Structure formats: C-alpha cells, structure tokens
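1. Pasting the sequence and the predicted model now:
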Amino acid sequence: MAYDDVFKKIGSFGRYQKFIYLLQTLPVVFTAIQTYLSVFILYVPDHRCANSDNNGTKLQRNAMNSSMLYSKCESYYNNLTMESIHQIFDPMTESYHPHKDFTNNLMQTKYISIETSADGNSTMRWEECKRWEYDTNEFETTFVTENNLVCSKKLYRTHAIVFYMAGFTAGSVLIGIFSDRFGRKVALMASIVLYIGSNVSLSFVQEFWLFTALRFVSGVSVGGLLSTCYVMDLELVGPGKRMLAGMVYMLFWGLGALLLTGMAYFIRDWRNLNLSLALPTILFLFYIICVPESTRWLFVNGRKKKAERIFRLIARRNNRSFEEPILPDEVEKAQKVSFTALCSYPRLLCNTVVVFFNWFVVALVFLGLSWNVNNLAGDVFLNFFLTSIAEIVGFLLCIPLLDRVGRKPVYVVSLFTGGFALLLTMVPVLLGSPDIQWMMFLLSLVGKVGSSAAFATIFLYSAELFPTVIRNTGLGFANFCARTGGMIAPYIPDLSQEVSGDFGKVLPMCIFGILAILAGLLSILLPETNKRKLPETLEDAVNFIQTKGRNDLGVEINVVPPLNGNIQQNEKLNPLNGHVQQSEESAMLSG
C-alpha cells in the first residue's frame with residue numbers, strides 16, 4: 001500500500017484537517033505583511049532642504065522668500081533671473097514644484113542663497129544641506145525621514161529591501177534543511193521565534209545597519225515560515241486536495257497584503273505600525289501545543305508509532321475509526337538521476353532553460369509591481385489596496401481555469417495580458433493629458449492581475465513539466481531563479497528616479513512589460529500538461545514533448561510557490577487510480 005492510500009481511510013480533507021490547515025496557513029498572512037511592509041515604513045515623502053532658521057522637520061510650504069530657494073538635494077546655478085525662480089516656485093500659491101526644471105536640469109539644490117544684482121539678474125551660491133523638511137500628509141514618520149535616506153543616501157532604502165530578500169533566500173534554504181533534519185514543527189517554531197524577535201526589536205532601532213540586519217533576520221524567518229507552512233499544509237491533506245490547498249494558501253498571502261493596507265492607513269508612524277503588526281504573532285507560540293508534527297516526516301524518518309497516533313486522532317475527529325494499522329509498512333525509494341543528464345537531451349534542456357527564465361521573470365514582475373506603487377500618481381494607500389485586490393483576482397482566476405482550459409493557455413495569456421498592459425502605460429504618460437493619467441494606474445492593475453495569475457500557474461505547470469527523476473532538483477534551481485528575480489526587483493522602480501522626464505515615470509513598467517512578453521513568447525515552446533500522463537524518466541519527457549495527444553487522466557501533483565526554497569530529496573510518484581501523486585518529500589521552496 002502506498003503512503004497516500006492512508007487518506008482514503010482517514011479522509012482527504014476532513015473537519016480536523018481543515019482546522020489544522022487554517023492554523024498552519026495563518027502565518028502566511030504575516031509573511032506577506034513583512035514582505036510588503038517596506039512600501040510603508042520605507043516610504044519617501046516629498047521633501048526639500050530645511051531652512052537653516054527652521055529647526056523642524058515638517059515641510060513648510062510658505063518658507064520661500066525673496067532671497068532663499070530650497071529644493072531636494074544639490075545643484076549650483078549662476079545668473080538665475082527672478083523670472084526663472086518663479087518657474088520653480090509659484091508665489092501665487094506658495095507651492096513648491098520639485099520636478100520643474102531650469103535649463104533642462106532638475107532643480108535639486110540643497111540650500112541656495114540668491115543675491116540680486118541691479119540689472120535684475122541673480123547669482124547663486126549653495127551650502128551643504130544638513131537637514132530636510134518632509135511632507136507629513138501621508139506619514140508622520142518613516143525610517144527614511146528619521147534617518148534622512150534621501151539624495152546621496154536614497155539607494156539605502158533599496159539596499160534594505162534587498163537585504164530582506166537575501167534573508168528570505170537564506171531562510172528558505174537553511175530552515176528547509178533544518179526542517180528535513182529536525183522536523184517540520186521544530187522548524188515552524190524556530191521561524192516563529194525569529195519572526196517575533198526580529199520584528200518586535202525593529203521598532204526600537206535607530207541605526208540603518210542595525211535596521212538592515214534585523215530586516216535580514218526577518219527575511220530568514222519569512223522564508224522559513226513560507227516553506228515550512230506550505231510543506232505542512234500539503235502533507236496534511238490527501239492527494240486530491242493538494243492543488244486546492246496550494247491555491248488557498250496563496251490567497252492568505254493576498255489577505256496579508258490587504259491587512260497591511262488597512263493598518264498602514266490608520267497607523268501613520270512606522271514604529272507603531274511595525275509593532276502593531278508584529279505583536280499578534282506572539283500567539284503563534286501556542287502552536288507548540290496546537291499543531292501536530294507532519295505525519296509524512298515522522299513516517300519517512302522512522303517514527304511510525306507517533307505518526308500512527310496522529311493519524312488515528314485525525315480519523316477520530318473525522319468520525320472514522322479503525323482496528324487495523326493505518327500506515328503502510330514501508331515506502332519505496334525513488335530512482336535518482338543526475339540533473340546534468342539533461343545535457344544529452346537538447347530539446348529537454350531548452351525547455352528547462354525556458355522554465356528557469358520564466359520563474360525569474362514572474363517573481364521579478366510580481367514583486368516589482370507591488371513595490372512600484374510609490375511611483376504611481378494618487379494616494380499610496382488606495383494604490384496598494386487596489387494592487388492587492390488585483391493580486392487576489394489573479395489567484396482566483398486560476399482555480400477554475402487551470403483544469404478547464406489548461407496550464408499553458410492560462411499561463412501564456414496571463415503573461416501577454418499583463419505584459420502588453422504594462423507596455424501601454426506609456427501612452428497616457430507620454431501624451432501628457434491630465435485627463436487620462438488614471439489610465440496608467442488602471443493598466444498597471446491589469447498588469448498585476450496578469451502577473452499574479454502567472455505566479456499562481458507557474459509552480460504547478462513547471463512541476464508537471466519536469467520528469468519524476470529530476471523534479472526536485474529542477475524545482476530547486478527554478479526557485480533559485482525566482483529568488484534572484486525577487487532580489488533584483490526593488491531596483492527596477494528606482495529607475496524612475498534616475499531617468500528624468502515622462503519616460504522615467506513609465507520606464508519600470510515598460511521593463512516589467514517587455515520581460516513578461518518575452519517570457520510568454522518563450523513559453524509557447526513548452527508543451528501542455530493538463531490531463532496528460534506525466535513523464536517519469538528523461539526519455540518519457542522527450543516523448544512527452546513530441547507527443548501532442550492528450551490522455552484522459554486526472555493529474556495531481558504537489559505544487560511549489562515561486563518564492564519558496566526548501567529542496568527535499570526523497571521523492572516518489574505513485575500511480576494511483578489514474579492520478580500521479582508525489583508521495584515522498586516534495587520540493588518546497590521559500591519565495
């Protein structure tokens with residue numbers, strides 16, 4: 001009897017399993033919160049050099065006088081006429097226009113003193129800016145405003161996000177290995193402790209490098225939580241429910257983004273915001289008595305008696321009882337093949353490279369669009385809220401379409417739809433009409449829906465493309481490509497600050513759009529996998545590509561989120577009632 005036959009006896013997704021599934025998936029809400037938290041605690045408000053006579057940090061709109069001109073950073077101008085000054089500062093509205101330019105240069109002065117001559121011309125001298133004034137309409141304080149991470153330090157903000165993503169990568173790998181060695185529950189509790197310690201402490205730090213170090217540790221905990229919770233969820237349910245369990249898991253991520261939006265709207269101080277979102281996770285410490293160890297891990301590691309007790313508890317809570325043992329005596333080991341064997345099959349190697357590139361692009365676009373909301377016109381809270389809704393819509397669209405339409409059509413259309421929508425954002429911006437600027441945001445939402453649908457599809461699609469003998473290794477490399485994309489993603493929105501003019505505003509989304517379209521074009525080379533018997537050997541995979549026919553077989557396989565990174569080695573796919581089931585350790589990666 002195969003291990004997954006157990007679920008025929010105790011139930012694939014009974015009442016007790018649903019309760020444990022809910023407990024195990026709740027931490028995913030807080031992993032999304034920490035991943036997107038940088039949008040708010042590292043928010044960069046409008047700012048300019050502070051008046052030397054003004055000791056405050058709030059932006060004073062009426063601080064302009066006839067002899068002083070203030071701007072964001074630094075530049076030096078000679079022979080500036082008072083007429084040119086009014087091109088930058090409007091005395092009628094006493095409003096400051098930081099993006100207006102003089103002689104095709106951005107007005108970015110730290111602190112400029114103007115001396116007016118008899119002919120009406122002015123010469124200017126600049127002084128080092130030691131303080132900045134910030135607009136507090138959106139936030140009272142952010143870590144950026146407290147530490148003046150603007151101008152020459154503006155990349156510090158992006159570096160902090162990348163350090164978090166580096167921790168994300170390290171956590172998914174290291175805690176994944178820890179999970180395989182010491183157990184899922186031990187890894188879950190270790191991740192929770194790291195999460196609480198790093199994020200609660202973050203609210204009390206002052207220095208940038210300490211802030212960055214704690215964000216790295218937070219990333220480690222998030223990477224560990226994502227991989228461990230996902231593994232425990234899929235090992236909890238029967239093979240027929242694993243695809244649904246994986247999709248619902250991703251919806252919890254979307255719910256976390258929505259919760260973050262609401263909390264950030266009502267709590268405008270970054271320290272209080274972070275602390276209010278970190279303290280509730282202390283309740284997860286009770287999981288040590290509420291959540292059982294993974295029965296699959298116990299069984300594989302020779303602790304059959306404890307696994308049997310947990311299965312009998314699940315069966316009893318699901319109103320089922322048995323006199324005979326529930327678990328099989330043993331599980332067969334999988335055949336192992338070196339990943340380098342792909343080099344002997346050029347077409348299979350080509351498809352593998354395409355899959356790796358797609359994982360890189362999907363992660364980069366999916367995360368990059370969320371971090372790009374600060375560059376969009378309008379209210380940052382509304383922008384992020386609608387972007388999070390678009391994310392959830394993309395996830396939901398996949399649930400009915402993947403089986404009815406097929407993996408490949410859903411994936412390719414998602415990439416093309418999102419990519420072309422992002423490219424079209426240049427139209428309202430370059431036309432320059434204020435009446436159609438809303439179209440840019442609307443198109444970015446369509447791009448987010450497309451990238452989210454592609455995000456939800458690629459981990460199932462790619463898992464079905466790899467043959468059994470190299471599936472874990474293939475998914476491991478693919479997820480590493482995704483994590484690389486996630487680390488590069490924060491730098492793309494920053495290009496809008498480096499490139500001036502209207503083109504700079506649309507450059508990040510044009511990059512996202514081009515990459516999405518290119519990934520979609522390459523994906524046309526991949527075969528459809530829906531309702532086909534999946535390949536087990538490399539030779540099967542070659543025949544799978546060459547054969548266009550479809551077999552009426554239901555397909556069930558464990559799926560892996562693109563941002564996750566725990567590679568587990570003991571894998572076996574057991575044919576069972578027309579299904580293909582992954583019955584040993586799945587490739588679970590943390591995103």
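-> Perfect, thanks for sending it.
2. OK, contacts around residue 448?
-> 369, 370, 387, 390, 391, 394, 418 (Cβ atoms under 8 Å, 6 or more residues apart in numbering). All C-beta atoms are positioned from the backbone trio N, CA, C, and that covers glycine.
3. Among these, which ones are in helices?
-> Per DSSP state H, helices hold the following members of the contacts of residue 448: 369, 370, 387, 390, 391, 394, 418.
4. pLDDT at the third one, what is it?
-> Same thing as residue 387. Residue 387 carries a pLDDT value of 93.
5. Count the neighbours of it for me.
-> 25 (other Cβ atoms under 10 Å).
6. Same check on the fourth one?
-> The local packing of residue 390 (other Cβ under 10 Å) involves 22 other residues.
7. Return the residues in contact with it.
-> 445, 446, 448, 449, 452.
8. give me that answer again for 10 Å
-> Going by Cβ atoms under 10 Å, 6 or more residues apart in numbering, residue 390 touches 254, 369-370, 418, 444-452.
9. Find the nearest non-adjacent residue to it, please.
-> Spatial nearest neighbour of residue 390, chain neighbours left out: residue 448 (4.0 Å); criterion: Cβ to Cβ, 6 or more residues apart in numbering.
10. and the one you found, that's in a helix?
-> Yes - residue state for residue 448 (DSSP: H, G, I helix; E, B strand; the rest coil) corresponds to a helix.
11. Can you read off the pLDDT for it?
-> For residue 448, pLDDT reads 94.
12. So which helix or strand of the protein has the lowest pLDDT on average?
-> Sorted by mean pLDDT, DSSP states H and E, the helices and strands of the chain end with strand 588-590, the least confident at a mean of 32.
13. hang on, the earlier thing: generate a markdown table for the contacts of residue 448, with distance to residue 489 as supplementary columns.
-> Converted to a markdown table, those look like this (distance: Cβ to Cβ, whole Å):
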| residue | distance to residue 489 |
| --- | --- |
| 369 | 9 |
| 370 | 9 |
| 387 | 14 |
| 390 | 17 |
| 391 | 15 |
| 394 | 17 |
| 418 | 15 |
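14. what's the closest of the residues you listed to residue 522?
-> residue 418 (15.1 Å; Cβ to Cβ).
15. if I look at the closest one, how far off is residue 390?
-> Per Cβ to Cβ, to the nearest Å, residue 418 is found 10 Å from residue 390.
16. overlap in contacts of those two?
-> By Cβ under 10 Å, 6+ apart, residue 418 and residue 390 have these common neighbours: 369, 444, 446, 447, 448, 449, 450, 451, 452.
17. low pLDDT regions in the stretch 1-150 of the chain?
-> Low-confidence segments of the stretch 1-150 of the chain (pLDDT under 70): 1-3, 50-129.
18. Let's see that with 90 instead.
-> Low-confidence segments of the stretch 1-150 of the chain (pLDDT under 90): 1-16, 44-139, 147-150.
19. Let me know the secondary structure of the residue nearest in space to the middle of the chain.
-> Nearest to the mean C-alpha position of the chain, by Cα atoms, centre = their mean, lies residue 367 at 4.3 Å. Put simply, residue 367 is helix when judged by three-state DSSP.
20. List the residues that contact it.
-> 35-36, 161, 165, 451, 455, 482, 485-490, 492, 562-563, 591.
21. And it, how close does it get to residue 245?
-> 23 Å.
22. neighbours of residue 319, just the number please.
-> Other residues close to residue 319 by other Cβ under 10 Å number 10.
23. three-state assignment of residue 136?
-> Under three-state DSSP, residue 136 comes out as coil.
24. What's the per-residue pLDDT of residue 438 here?
-> Residue 438 is assigned 78 on the pLDDT scale.
25. let me redo that: residue 205
-> 93.
26. Which phi and psi values does it adopt?
-> Reported as degrees, to the nearest 10, the phi and psi values for residue 205 are phi -90, psi 160.
27. Touching, it and residue 211? I think so.
-> Yes - here residue 205 reaches residue 211: they are 5.0 Å apart, a contact under Cβ atoms under 10 Å.
28. before we move on, back to that, what's the closest of the contacts of residue 448 to residue 5?
-> So of the contacts of residue 448, ranked by how close each gets to residue 5 (Cβ to Cβ), first place is residue 394, at 35.2 Å.
29. neighbours of the closest one, just the number please.
-> So residue 394, with other Cβ under 10 Å, has 26 neighbours.
30. Now do the same contact list for the residue nearest to it when sequence neighbours are not counted.
-> What sits nearest to residue 394 in space, not counting adjacent residues and going by Cβ to Cβ, 6+ apart, is residue 452, at 2.6 Å. Residue 452 sits next to 250, 253-254, 362, 365-366, 369-370, 387-388, 390-398, 414, 418 when contact means Cβ under 10 Å, 6+ apart.
31. again, only this time at 6 Å
-> 391, 394, 395 (Cβ atoms under 6 Å, 6 or more residues apart in numbering).
32. now these as TSV including distance to residue 226 and pLDDT?
-> Shown next, in TSV, are these (distance: Cβ to Cβ, whole Å; pLDDT from 0 to 100):
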residue	distance to residue 226	pLDDT
391	16	93
394	18	93
395	15	91
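33. Which one of those is nearest to residue 537?
-> Using Cβ to Cβ, these come closest to residue 537 at residue 395, 33.3 Å.
34. wait, the closest one sits on residue 456?
-> Yes - in this structure, residue 395 is within contact of residue 456 by Cβ atoms under 6 Å, at 5.0 Å.
35. Give the buried residues for stretch 498-510.
-> Across stretch 498-510, burial judged by 16 or more other Cβ atoms under 10 Å covers 505, 506, 507, 508, 509, 510.
36. if we can go back for a sec, higher neighbour count, residue 205 and residue 211?
-> residue 211 (21 against 16).
37. how close does that one sit to residue 159?
-> Distance, residue 211 to residue 159, by Cβ to Cβ: 11 Å.
38. now swap in residue 511 and tell me
-> Counting by Cβ to Cβ - residue 511 and residue 159 are separated by 20 Å.
39. So between those two, which is more surrounded?
-> More crowded of residue 511 and residue 159, by other Cβ under 10 Å: residue 511, with 18 against 15.
40. For that one, which non-adjacent residue is closest in space?
-> Closest residue in space to residue 511, ignoring its immediate chain neighbours: residue 492 at 5.7 Å, by Cβ to Cβ, 6+ apart.
41. Over to residue 235?
-> residue 296 (4.2 Å).
42. could you say which helix or strand contains that neighbour?
-> Here residue 296 sits within helix 295-300, counting by DSSP states H and E.
43. packing partners for that helix?
-> Applying 3 or more Cβ pairs under 6 Å, 6 or more residues apart in numbering; DSSP states H and E, one finds that helix 295-300 contacts helix 304-317.
44. Name the residues of the helix it packs on that are buried.
-> Within helix 304-317, the residues that count as buried by 16+ other Cβ under 10 Å are 304, 307, 308, 310, 311, 312, 314, 315, 317.
45. Can you point out the buried residues in stretch 253-273?
-> 253-261, 263-265, 267-268, 270-271, 273.
46. CA atoms only for that stretch - export them in CSV, please.
-> The C-alpha coordinates for stretch 253-273 follow below in CSV (Å, rounded to 0.1, in the frame of the first residue of the first chain):
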residue,chain,number,x,y,z
TRP,A,253,-0.8,35.9,1.1
GLY,A,254,-3.2,38.3,-0.6
LEU,A,255,-5.2,38.7,2.6
GLY,A,256,-2.0,39.7,4.3
ALA,A,257,-1.4,42.5,1.8
LEU,A,258,-5.0,43.8,2.4
LEU,A,259,-4.5,43.8,6.2
LEU,A,260,-1.3,45.7,5.8
THR,A,261,-3.0,48.4,3.8
GLY,A,262,-5.7,48.9,6.5
MET,A,263,-3.2,49.0,9.3
ALA,A,264,-0.9,51.4,7.5
TYR,A,265,-3.8,53.8,6.7
PHE,A,266,-4.7,54.1,10.4
ILE,A,267,-1.2,54.0,11.9
ARG,A,268,1.0,56.6,10.3
ASP,A,269,4.1,56.2,12.5
TRP,A,270,6.4,53.5,11.2
ARG,A,271,7.4,52.2,14.6
ASN,A,272,3.9,51.8,15.9
LEU,A,273,2.8,50.3,12.6
